[in-house]
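> Can you look at this prediction? I've put the sequence above it.
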Amino acid sequence: MSPIAPTRRDFPTPAALAPAFAAWTAERLALAIEARGAALLVVSGGTTPVRYFHALSSQPIDWSRVAITLADERRVADDNPRSNAKLVREALLSDRAASAQFTPLADSRLEEDRELASANARIAALPSPADLVVLGMGEDGHTASWFPGAAGLAEAMDPGARALVAPIGAPGAAEPRLTLTGRVILRARALALHIEGAAKERTLARALADGPLEAMPIRAVLRQAGERLTIFWAASA
């Protein structure tokens, strides 16, 4: 049986995508709050989600009942420009979303083993499964910190992974990273893939074709999330 294809929503520009994606996200969070009294939103870093974060922060939902965490993080200080936590605090945790509960993934002040244990404990304390996981995708087909060729990739992508958070080293990357495993990402109630530009659309087409998961780890999401996945794509401005 062929896997169920994800829903796809296309927009002419990133500026058109951001408010529509934010409203869609807020609707799902509000439904989760109504059903269970709380919601868990997992977001990703990078430059792509900045407009979306700004639009989402003003959505009129009960943000005090929303927990937010990251799909992955570099092991850097919180004030480092490459910190995903810094991006979330500056671009998302403002306006109405200032009352949300943010749980960072990394704490570079700790030794690596303690940091990993602490991260797993923090994620375990959040509502489960996640109500929405928002992912990005690199032109190499990576998502979260599931990078092609990374040591520990198979365990990180596994929906039956022993841990909720795994250490991973991106080939050629300057910093070590922590990433949520498939046990969190692939079991979410809903997932969204946010991509922009023609190059990312070409990468998506390659990922949807046959091939091993390890070569393009986004395939783990595309093949296992099915109807729970919505792809938001915008042509570049």
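Perfect, I can see it now.
> which residues of this structure fall in strands?
For the chain, strands defined by DSSP state E occupy the ranges 7-11, 39-43, 66-70, 72-74, 101-103, 132-135, 165-168, 177-180, 191-196, 229-234.
> And residue 78, how close does it get to residue 170?
20 Å (Cβ to Cβ, to the nearest Å). Placement of C-beta: from N, CA and C, glycine included.
> of the two, who's got more company?
residue 170 (22 against 13; other Cβ atoms under 10 Å).
> can you pull the pLDDT of the closest residue to the more buried one other than its chain neighbours?
Computed as Cβ to Cβ, 6 or more residues apart in numbering, the closest residue to residue 170 that is not its neighbour in sequence is residue 147, at 4.4 Å. Residue 147 is assigned 95 on the pLDDT scale.
> Then residue 230?
With respect to pLDDT, residue 230 has a value of 98.
> In this model residue 167 seems to touch residue 150, though I could be wrong.
No: Residue 150 lies out of contact with residue 167 (Cβ atoms under 8 Å); the separation is 10.1 Å.
> Looking at those two, which one has more neighbours?
Ranked by neighbour count (other Cβ under 10 Å), residue 150 and residue 167 place residue 150 first, with 22 against 19.
> Nearest residue to the more buried one in space, please, no chain neighbours.
Nearest to residue 150 is residue 168, by Cβ to Cβ, 6+ apart, at 5.2 Å.
> Relative to residue 228, how far out is that neighbour?
Separation of residue 168 from residue 228 (Cβ to Cβ) stands at 24 Å.
> And for residue 97?
Residue 97 sits 24 Å away from residue 228, taking Cβ to Cβ as the criterion.
> out of those two, which sits in the more crowded spot?
Taking neighbours as other Cβ under 10 Å, residue 97 and residue 228 compare with residue 97 leading, 23 against 19.
> pretty sure residue 200 contacts residue 234?
No: with contact defined as Cβ under 8 Å, residue 200 does not reach residue 234; the gap is 9.5 Å.
> more neighbours, the two?
More crowded of residue 200 and residue 234, by other Cβ under 10 Å: residue 234, with 25 against 20.
> ok, now which ones touch that one?
By Cβ atoms under 8 Å, 6 or more residues apart in numbering, residue 234 lies in contact with 10-14, 16-17, 196-197.
> What of residue 59?
Neighbour list for residue 59: 22-23, 25-26, 96-97 [criterion: Cβ under 8 Å, 6+ apart].
> Likewise for residue 214?
The contact partners of residue 214, taken as Cβ under 8 Å, 6+ apart, are 148-149, 153-154.
> Most neighbours among those, please name it.
residue 153 (22 neighbours).
> sorry, back to before: got TSV for the strands of the chain, with distance to residue 214 too?
Listed next are these as TSV, based on distance: least, Cβ to Cβ, whole Å:
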stretch	distance to residue 214
strand 7-11	25
strand 39-43	23
strand 66-70	23
strand 72-74	17
strand 101-103	29
strand 132-135	17
strand 165-168	13
strand 177-180	15
strand 191-196	19
strand 229-234	20
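> closest one to residue 110 among those strands?
strand 177-180 (11.3 Å; Cβ to Cβ).
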